[in-house]
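Chemist: My questions concern the predicted model and sequence given below.
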Amino acid sequence: MKKTTKETWRREIREAVRLAREQNPLAPSITNTVTINLVANAQLAVGGSAAMVYLADEGEAMASVGGAMYINMGTMLPVYAETLPRTAKALAEQGKPWVIDPVGIGIGGLRTSLLLGFRSDKPSIIRGNASEIIALAELWELESGKKSGGVRGVDSTDSVEAARTAAISLARHTGGAVAVSGPTDLVTDGKSVALAAGGSKFLPMITGAGCSLGGVAAVYACVATPFVAALTATAIYNFAGAKAESRAEGPASFQTAFLDALYQATPEDVGAQPFTIETVGK
Amino acid sequence: MKKTTKETWRREIREAVRLAREQNPLAPSITNTVTINLVANAQLAVGGSAAMVYLADEGEAMASVGGAMYINMGTMLPVYAETLPRTAKALAEQGKPWVIDPVGIGIGGLRTSLLLGFRSDKPSIIRGNASEIIALAELWELESGKKSGGVRGVDSTDSVEAARTAAISLARHTGGAVAVSGPTDLVTDGKSVALAAGGSKFLPMITGAGCSLGGVAAVYACVATPFVAALTATAIYNFAGAKAESRAEGPASFQTAFLDALYQATPEDVGAQPFTIETVGK
Amino acid sequence: MKKTTKETWRREIREAVRLAREQNPLAPSITNTVTINLVANAQLAVGGSAAMVYLADEGEAMASVGGAMYINMGTMLPVYAETLPRTAKALAEQGKPWVIDPVGIGIGGLRTSLLLGFRSDKPSIIRGNASEIIALAELWELESGKKSGGVRGVDSTDSVEAARTAAISLARHTGGAVAVSGPTDLVTDGKSVALAAGGSKFLPMITGAGCSLGGVAAVYACVATPFVAALTATAIYNFAGAKAESRAEGPASFQTAFLDALYQATPEDVGAQPFTIETVGK
C-alpha cells in the first residue's frame, strides 16, 4: 500500500476548505443549548449551512436533507431519549457521516445509555477532550491504555497524549476518525496519527470552542472523508485561534476575532498549518 | 380613498422608532434556542423589553402583559404542542398583535400541524424568507403564484420576487402584514407593496438575522400598525446592516457593530432609508 | 462582638477574586436558555468552570461535583418540576451553597410552586432586581416593607432602596445573603447592608447582565461566604461595567469589553471598588 505523504494530506485539507465554501453544505445539529449559537455561527463562517432540531422526526428529516450531522451531548433533554437513537439509526440507514461530541460523559443515566447505543450505531467522527475520549473507550469496553482521571463537569483532567490509545481504539472500532482537543490536538483514523499544535490559550476560556469544532467537522464531513474532515477542522481552529489571539484583549474580543478569522481563512492558510503525521502499528 | 404618500410612510416609520425608544414596550417571545439571545438583545437595542417563555400558562400570561408577541418556530419542543395554540388563542382573545416566523416550515409533523392552526388563529405579521412565505401560502391553500423551490433546512431556495403573490395572499388572508427578507426585502399589507434594498452581505452569515428582525417587528407592533411595524423593522435592519458592514472584518465583528448600530439609529436615520412603494391591483 | 471593618471586607473580596482564579472552581448551573451562554462565559472569565444541565439526576450529580450551584428560573421547562426540587434537596443534604435568581417570579404556576418550595430548601444567595426581591419576600410571607410595584416580564418597577426590608428579611430567613441589582446595588446578610454604586448604563441593555452576575456569585460561593461572594460579584461587575463603558459604542461592543474586563480584573481592582457598609438594627 502506498503511503500517503504529508503533502497529499495538505492538498486534501485545502480541498475540503475550498469545497465547503463553494458548496455551502448543510450540516444539521442536535446540540446543547449553551453553545448552540456559536456552533451555528462557526458553521456559517466556514461556508456551511446550519439547522438545529430537538424532535425525533425532525432529527430523521435532517438526516435525510443534510450532508452530514452533528450530535453534541452537552445538555440532555427528556426528548433525546427518543430523538438521538432514531436520528442515529436514520443516519446509519442512509450512510450519512456524523460527528458525536460526548460532552459530559458519565453525568446521569440518559447520557450513558445513549452513548452505549452509539457503540453499534457508530458515529463517523468522535470529537472530545482527552478525558471524554478515554471515558468513551472505557464505556465501549475498548482498549483505553489507562484509567481516565475522570471528567470534571465538562473539563478534561487528562492529557491529550494519555488519550492516544483510546483514540486509536475508537477509530478502529468505528472505522471513522477521532479528534482529541488540547494544547496539542490529536487526530487519528486508527491507521495514522496526526498531531497539530497551535490554537490559543483563549480557546479553553470561551465556552463552546470544542462544541463548535465538532460542528465545523460536520460541515467538512459533507465534502471530505472523516479523517480529512477532522484534520481540516482542527487545522482551521489552530489557524484562527492564533490569528485571533494576536488581536484579543480577553476571551470575548478573542471570540469575535476568532469567528472573523474562520470566515477569512483561505484554503492555503489552513493547508499550511503545521502538523506531524505517523503511521500506527497494529 | 386618499392615497398614502411615501412621505406619510416615512413619518410613521420615524414615529415607530421614536415611540419604541420612549415607551420601552414589552414584546415577549416564544422562540428558538439558537438565536434567542440575539432576539432579546436586538429587541433591547431598539428600545423594547424582552421576555422569553416555553410553558402554556406562561405564554398566556405573556399575551396579557405584552404589547405584542413574537412566535418563532425554529426549534420545536414537545411542550409547544400545547403552548403555541393556547398562546395564539390568548392573543386573539385579547386582540394583541403578534409576529410569526415559520422557520423550517415543512420539517416534521408538529411544525406543520401548528402552522395549520395559525390559519384561523391569525398572526398580524408573517416574517420569513421567500421559500418559507411561499410554503406557508401553499400550506394554507392560498394563491402562491408558483410552486416553492423548497426550504433547505432554514435557507431559502427562492427569490424574494418569486414570493410576491404568496406574500400578498397571506396579508389579505390575515388582514395584517407580511415581510419577506432577502437582498431586496418585500413588505406588504395586501394593498401596498414596499420594496427596500440595503442591509449587508453579512446578514445571511450570522445566524438569527431574520429571527431577530421578527422580534424587533414585534417591538414596533406594540406602537404601530402591522404594516408600519414590518416596514420599520426592515428599514432599521437595512440601515444598521449597511453601517455595520463598513466597520466589519467578518461576520462576528459585523454582529457586534450591527447591534450597536440598532442602538444608535435615530428616527431620522431609519425614516431616510430608501424604499419604493406601489399599490397592488385586486 | 468585634465589628468587621471595611478594610476587612476589602481583603476578603480580594481573596475571593484571587482564589477563584487560582482554584478554577466548578459552579454548575440550571439556567435559562436566553442568557445561558453569557452565564458560562462570565463564569469562565472570572476563573471558574461552568456546566449546565436540565435533568433531575444530572442536577443531583452536579450538586455533588460542584463547589456551589446556580439556579436561574428565567425559562421554565416541564422537566424542572422534577429537576429543581431534587437538585435543591441534594444541595441541602450536602451542605453546598447555591444561588437562586427568581427571574420572572409571578409568571405561571410552576415557577410559583417551585419558588415556594425553596422557602424550606433554602438558597445561600438570592439575586434579583428590586421587584423580584420584594415579590419573593411576599411569596414567602416575610416582612417586605411595601407592596411590590410588580414585575413586568423580567424588568423591575421598584427601586433598590424600596427592596431593603425585603432583602434583609430574606437574608435572615435563609441565613445567607441577598443581592439586589440596580443603579446602586444592595447586598446584605441580614446583619450588614452594603451599598455599591458603579457599573454602567449599558448593563440593563444587554440581556443576562443580572443572570450572569448570579453565575459569577456561584463561582465565588465556592471559595467565600455567601455575603462575600455576593459582594465580590457585585464589585467585579461594577468595575468591569465602568471599564467597558468607556470603550463601548453600544450594547454589543459593551458586552465584549465587559467580558474582557471581567477576565482582566485583578484582586486589587475589585477590592478597590467603592461601597458603603452599615450594621442593621434588629
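Modeler: That came through fine. Residues are numbered from 1 along each chain as shown, chains lettered A, B, ... in the order given.
Chemist: Does residue A:78 touch residue C:56 like I think?
Modeler: No. In this structure residue A:78 lies outside contact range of residue C:56 using C-beta atoms under 8 Å: 9.9 Å. (Glycine included, C-beta is placed from N, CA and C.)
Chemist: Those two: which has the busier surroundings?
Modeler: residue C:56 (20 against 17; other C-beta atoms under 10 Å in any protein chain shown).
Chemist: List the contacts of the more buried one.
Modeler: C:79, C:82-83, C:86-87 (C-beta atoms under 8 Å, 6 or more residues apart in numbering or on different chains).
Chemist: Pull up the gap between residue A:12 and residue A:193, please.
Modeler: 16 Å (C-beta to C-beta, to the nearest Å).
Chemist: shared neighbours of residue A:78 and residue C:56, which are they?
Modeler: Joint contacts of residue A:78 and residue C:56 (C-beta under 8 Å, 6+ apart) are residue C:79.
Chemist: circling back to that earlier point, mark which of the contacts of residue C:56 are buried, thanks.
Modeler: For the contacts of residue C:56, a burial check counting by 16 or more other C-beta atoms under 10 Å in any protein chain shown picks out C:79, C:83, C:86-87.
Chemist: can you narrow those to ones near chain A?
Modeler: residue C:79 (C-beta under 8 Å from any C-beta of the partner chain).
Chemist: what does chain A have sitting close to chain B?
Modeler: Residues of chain A lying near chain B (C-beta under 8 Å from any C-beta): A:26, A:28, A:33, A:36-37, A:40-41, A:44-45, A:49-55, A:57-58, A:61-62, A:65-66, A:77-79, A:255-264.
Chemist: Helices - which of the residues you listed land there?
Modeler: Using DSSP state H, A:36-37, A:40-41, A:44-45, A:57-58, A:61-62, A:65, A:255-264 are the members of these that sit in helices.
Chemist: which non-adjacent residue is nearest the residue in chain A that chain B sits nearest to?
Modeler: For chain A, the residue closest to chain B is residue A:260, as judged by C-beta to the nearest C-beta, at 2.9 Å. Nearest in space to residue A:260, with sequence neighbours left out and distances taken as C-beta to C-beta, 6 or more residues apart in numbering or on different chains, is residue B:250 at 2.9 Å.
Chemist: count of neighbours near the one you found?
Modeler: Counted with other C-beta under 10 Å, residue B:250 comes out at 21.
Chemist: Same check on the one 10 residues further on?
Modeler: Neighbour count of residue B:260, defined by other C-beta under 10 Å: 22.
Chemist: show me the contacts for it.
Modeler: B:45, B:244, C:248-253.
Chemist: Among those, which lie within helices?
Modeler: Reading helices off those with DSSP H, I get B:45, B:244, C:251-253.
Chemist: So the spatially most central residue of chain A versus residue A:13, what's the distance?
Modeler: With the centre of chain A defined as its mean C-alpha position, the nearest residue by C-alpha atoms, centre = their mean is residue A:214, 3.1 Å away. Going from residue A:214 to residue A:13 by C-beta to C-beta gives 18 Å.
Chemist: Help me confirm that residue A:262 comes into contact with residue A:48.
Modeler: No. At 10.7 Å, residue A:262 does not count as touching residue A:48 under the criterion of C-beta under 8 Å.
Chemist: so what sits against both of those two?
Modeler: In contact with both residue A:262 and residue A:48: residue A:216, using C-beta under 8 Å, 6+ apart.
Chemist: List just the nearest of the buried ones among the contacts of residue C:56 to chain A.
Modeler: Nearest to chain A among the buried ones among the contacts of residue C:56 is residue C:79, at 5.5 Å by C-beta to the nearest C-beta.
Chemist: so who does the closest one touch?
Modeler: Counting by C-beta under 8 Å, 6+ apart, residue C:79 has contacts A:77-78, C:54-56.
Chemist: Local confidence estimate at residue A:156?
Modeler: For residue A:156, the model assigns a pLDDT of 75.
Chemist: wait, what's in contact with it?
Modeler: By C-beta under 8 Å, 6+ apart, the neighbours of residue A:156 are A:129-132, A:182.
Chemist: Taking the residues you listed, tell me the two that lie furthest apart.
Modeler: Across the contacts of residue A:156, the longest distance by C-beta to C-beta is 11.1 Å; it joins A:132 and A:182.
Chemist: More neighbours: these two, which one.
Modeler: residue A:132 (29 against 21).
Chemist: can you give me phi and psi for that one?
Modeler: phi -70, psi -40 (degrees, to the nearest 10).
Chemist: show me what contacts the residue nearest to residue A:260?
Modeler: Counting by C-beta under 8 Å, 6+ apart, the residues that residue B:250 touches are A:45, A:259-264, B:202.
Chemist: for residue A:100, same thing?
Modeler: Residue A:100 touches A:71-73, A:118, A:123, A:125-127, A:214, counting by C-beta under 8 Å, 6+ apart.
Chemist: Please narrow those residues to those residing in strands.
Modeler: With DSSP state E as the criterion, strands contain A:71-72, A:125-127 from among those.
Chemist: Just name the closest of these to residue A:280, please.
Modeler: residue A:126 (16.3 Å).
Chemist: Give me the neighbour count for the closest one.
Modeler: For residue A:126, using other C-beta under 10 Å, the count is 30.
Chemist: Please report how far it lies from residue B:123.
Modeler: 43 Å.
Chemist: Reduced to three states, what does the residue nearest to residue A:59 when sequence neighbours are not counted come out as?
Modeler: Excluding the flanking residues, the one nearest residue A:59 by C-beta to C-beta, 6+ apart is residue A:87, at 3.3 Å. Of the three states, residue A:87 takes helix according to DSSP: H, G, I helix; E, B strand; the rest coil.
Chemist: tell me the contacts of residue A:87?
Modeler: A:30, A:56, A:59-60, A:62-63, A:69, A:71 are the contacts of residue A:87 under C-beta under 8 Å, 6+ apart.
Chemist: Of those, which is the nearest to chain C?
Modeler: residue A:30 (14.1 Å).
Chemist: in the sheet, who's paired with the closest one?
Modeler: With DSSP bridges as the criterion, residue A:30 is bridged to residue A:71.
Chemist: Can I have the buried ones of the contacts of residue B:260 as a ChimeraX selection?
Modeler: Buried residues among the contacts of residue B:260 (16+ other C-beta under 10 Å), as a ChimeraX selection:
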select /B:45,244 /C:248,250,251,252,253
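Chemist: Low-confidence ranges, the stretch 51-200 of chain A, go.
Modeler: Across the stretch 51-200 of chain A, residues meeting the criterion (pLDDT under 70) sit at A:148-152.
Chemist: Show me which residues of it sit near chain C.
Modeler: So far as C-beta under 8 Å from any C-beta goes, the stretch 51-200 of chain A lies against chain C at A:74-78, A:104, A:107-111, A:152-155.
Chemist: pLDDT wise, what is the residue of the stretch 151-282 of chain A found nearest chain C at?
Modeler: For the stretch 151-282 of chain A, the residue positioned closest to chain C under C-beta to the nearest C-beta is residue A:250, at a distance of 2.9 Å. Note for residue A:250: predicted pLDDT of 98.
Chemist: This completes my enquiry, with thanks.
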